[in-house]
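Asks: Have a look at this prediction, sequence included:
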Amino acid sequence: CLSGSVSACGPHSGSPPGSNSSDACVCDAGFVEHEGGGCAACPADSYCSGGAHHHTCPTNSESPPGSNASEACRCEAGYHGPPGGPCSKCSPGDWCWGGTSNACPEKSDSLPGAWRLGNCTCTAGFAGGASGKGFVPCSECGS
């Protein structure tokens, strides 16, 4: 209450019970204090736990606007790791999407940082791989 009347904080903000000043208003989780006052959605590639500061996602991870926790930061394509990071470059022979590392199919390989199954190519002496019909299993040439 301010001067004996109930006062509300602005949109996307609140204050602790018993507070008696609009200065006690803080932005809700997923929002951050805007330069001109008020609260704005947390920017992409960061998370906001409430208040005046936002936290940048770890290297090689991203998050949608309005994220409210570090777990919203997910590894970029070509990287793997848990929600919130850290994120490591995908190893040779694997492809990584959604933070998960997946092995290339048998008799195929990939370069570090592969981000889709189509980045896996058959090893020397084998044919097949990515095609318009998906991934064709690698088989020995001439067989």
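Replies: Arrived safely, thanks for sending. Numbering: from 1, shown residues only.
Asks: alpha carbons only for contacts and neighbour counts from here, please
Replies: Noted.
Asks: Please read off the pLDDT at residue 76 from the model.
Replies: Residue 76 carries a pLDDT value of 97.
Asks: Tell me if residue 105 really is in a strand.
Replies: No - counting by DSSP: H, G, I helix; E, B strand; the rest coil, residue 105 falls outside a strand, being coil.
Asks: Show the contacting residues for it.
Replies: 120, 137 (Cα atoms under 8 Å, 6 or more residues apart in numbering).
Asks: Backbone dihedrals for it, please?
Replies: phi -60, psi 160 (degrees, to the nearest 10).
Asks: where in this protein is pLDDT low?
Replies: 1-7, 143 (pLDDT under 70).
Asks: ok, now with 80
Replies: Where the chain drops to pLDDT under 80, the residues are 1-8, 20-23, 36, 130-134, 142-143.
Asks: residue closest to the middle of it?
Replies: residue 74 (2.6 Å; Cα atoms, centre = their mean).
Asks: what residues are up against it?
Replies: By Cα under 8 Å, 6+ apart, residue 74 lies in contact with 61-63, 82-85, 98-99.
Asks: Ok, residue 130 next?
Replies: 117-121, 136.
Asks: In those residues, find the pair that's most separated.
Replies: 119 and 136 (12.8 Å; Cα to Cα).
Asks: Compare these two (neighbour count), which wins?
Replies: Shown here are residue 119 and residue 136; by other Cα atoms under 10 Å, residue 119 has more neighbours (19 against 14).
Asks: correct me, but the more buried one touches residue 97?
Replies: No - the criterion here is Cα atoms under 8 Å, and residue 119 misses it with residue 97 at 11.8 Å.
Asks: Alright, I will stop here.
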